[in-house]
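A.B. asks: Sharing a sequence plus its predicted fold:
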Amino acid sequence: MPAPARPFLLIAHGSRDPRHAATVAALVEQVRALRPGLEIATAYLDHCAPRIPQVAGRLTGAVAVPLLLNRAFHAKHDIPAALRAAGADLPVARVLGPSPLLLAALERRLAESGLDTSSPLVRARTGVVLAAAGSSDPAADAATRALAAGWREAGGWAGVEVAYASAGGPRVPEAVAALRSAGARQVAVAPYLLAPGLLPDRIAAAAGDADVLAPVLGASPEIAGLLLRRYDEACRAALGAPALSATA
């Protein structure tokens, strides 16, 4: 008889904006629908309840899955520190990126915003701004730029420029202008963010010169599937090769 599945502990950042927690809850429901019977709990790093110490200690044998796009400060420091403080020595799954599923989710949101992503002609004349949060971690920003470069090559876009809502530039208006100067006939802004909140609102406010503005990635099936992929990877690692732990 197979051993019961490890509990799935989703760790999200948290926000004062109630849309953030609502999006996380919707995403959890999608994960539950994909994996019926799996025990799933949610904990937050900040702003929202429950916090990690309130949840991690009661989930014996759980796998922590960060709801994060890049391996930056929250993944490297905040989550391990919070788990240590809770006395929970749990395997920690990889962050979501990089993954082709993230590009699929970005394209889904662009299509939902009215862009004909199925047309090679539309792609060839459209520049895309990949609008990310931005990070003080150079490796995280490098990962976002690599995603943009791969998306341009694989997607047939007129161009893909990265813009940031915080940290260093460029900002969205600068990226829109750069794409138009390079010959893009129209420009779409694709927020590379998981849930609504302050930074997505900042991106939306700065996207006035763009032709298309997509919503955040949100509770898309690609993100739900990717969370389960990261969970499964961590479960396999915990059975064999050492997994990334709360102390690593």
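C.D. replies: Nice, I can see it.

A.B. asks: When you work out contacts or count neighbours from here on, use the C-alpha atoms and nothing else.
C.D. replies: Fine.

A.B. asks: mind checking the SS state of the residue nearest in space to the middle of the chain?
C.D. replies: Centroid check for the chain by C-alpha atoms, centre = their mean gives Leu69 as the closest residue, at 3.6 Å. Three-state assignment for Leu69 (DSSP: H, G, I helix; E, B strand; the rest coil): coil.

A.B. asks: which residues touch it?
C.D. replies: Val95, Leu96, Gly97, Pro98, Leu193, Leu194 (C-alpha atoms under 8 Å, 6 or more residues apart in numbering).

A.B. asks: What of Trp157?
C.D. replies: Trp157 touches Arg123, Ala124, Arg125, Thr126, Gly127, Val128, Trp151, counting by C-alpha under 8 Å, 6+ apart.

A.B. asks: do you know how far it is from Asp116?
C.D. replies: Here Trp157 is placed at a distance of 12 Å from Asp116 (C-alpha to C-alpha, to the nearest Å).

A.B. asks: Let me know how buried Ala49 is, in neighbour terms.
C.D. replies: 14 (other C-alpha atoms under 10 Å).

A.B. asks: again, but for Tyr164
C.D. replies: Neighbour count of Tyr164, defined by other C-alpha under 10 Å: 24.

A.B. asks: isn't it right up against Val172?
C.D. replies: Yes: look at Tyr164 against Val172 with C-alpha atoms under 8 Å: they come within range, at 6.9 Å.

A.B. asks: Quick check on Val128: phi, psi?
C.D. replies: Main-chain dihedrals, Val128, degrees, to the nearest 10: phi -120, psi 130.

A.B. asks: Next, work out how far apart it and Ile11 are.
C.D. replies: Val128 sits 30 Å away from Ile11, going by C-alpha to C-alpha.

A.B. asks: out of these two, which sits in the more crowded spot?
C.D. replies: Val128 (28 against 23).

A.B. asks: dump the residue contacts of the more buried one.
C.D. replies: Trp157, Ala158, Gly159, Val160, Glu161, Leu179, Val187, Ala188, Val189, Ala190.

A.B. asks: closest to Gly57 among those?
C.D. replies: Ala190 (37.6 Å; C-alpha to C-alpha).

A.B. asks: Quick one: residues in contact with the strand or helix carrying that closest one.
C.D. replies: If you go by DSSP states H and E, Ala190 is part of strand 186-192. If you take C-alpha under 8 Å, 6+ apart as the criterion, strand 186-192 is touched by 106, 109-110, 125-133, 176, 179-180, 200, 203, 207, 210-217.

A.B. asks: Could you list the buried residues of it?
C.D. replies: For strand 186-192, a neighbour-count test (16 or more other C-alpha atoms under 10 Å) marks Gln186, Val187, Ala188, Val189, Ala190, Pro191, Tyr192 as buried.

A.B. asks: of all the residues you listed, which two lie farthest apart?
C.D. replies: Gln186 and Tyr192 (19.1 Å).

A.B. asks: what does the worst-scoring helix or strand of the chain on mean pLDDT rub up against?
C.D. replies: Least confident helix or strand, the chain: helix 73 with a mean of 89, by mean pLDDT, DSSP states H and E. Residues from elsewhere that reach helix 73 (C-alpha under 8 Å, 6+ apart): Asp137.

A.B. asks: what's downstream of it, the next helix or strand?
C.D. replies: Next along the chain from helix 73, counting by DSSP H and E, comes helix 79-85.

A.B. asks: so Val160 is in which element?
C.D. replies: Per DSSP H and E: strand 159-164 holds Val160.

A.B. asks: Hmm, I typed the wrong one, I wanted Gln54.
C.D. replies: Counting by DSSP H and E, Gln54 is part of helix 52-55.

A.B. asks: still on that earlier bit, could you save the contacts of Val128 as JSON lines and add columns showing pLDDT and distance to Asp17?
C.D. replies: Converted to JSON lines, those look like this (pLDDT from 0 to 100; distance: C-alpha to C-alpha, whole Å):
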{"residue": "Trp157", "pLDDT": "98", "distance to Asp17": "33"}
{"residue": "Ala158", "pLDDT": "98", "distance to Asp17": "35"}
{"residue": "Gly159", "pLDDT": "98", "distance to Asp17": "32"}
{"residue": "Val160", "pLDDT": "98", "distance to Asp17": "29"}
{"residue": "Glu161", "pLDDT": "98", "distance to Asp17": "28"}
{"residue": "Leu179", "pLDDT": "98", "distance to Asp17": "32"}
{"residue": "Val187", "pLDDT": "98", "distance to Asp17": "28"}
{"residue": "Ala188", "pLDDT": "98", "distance to Asp17": "25"}
{"residue": "Val189", "pLDDT": "98", "distance to Asp17": "22"}
{"residue": "Ala190", "pLDDT": "98", "distance to Asp17": "20"}
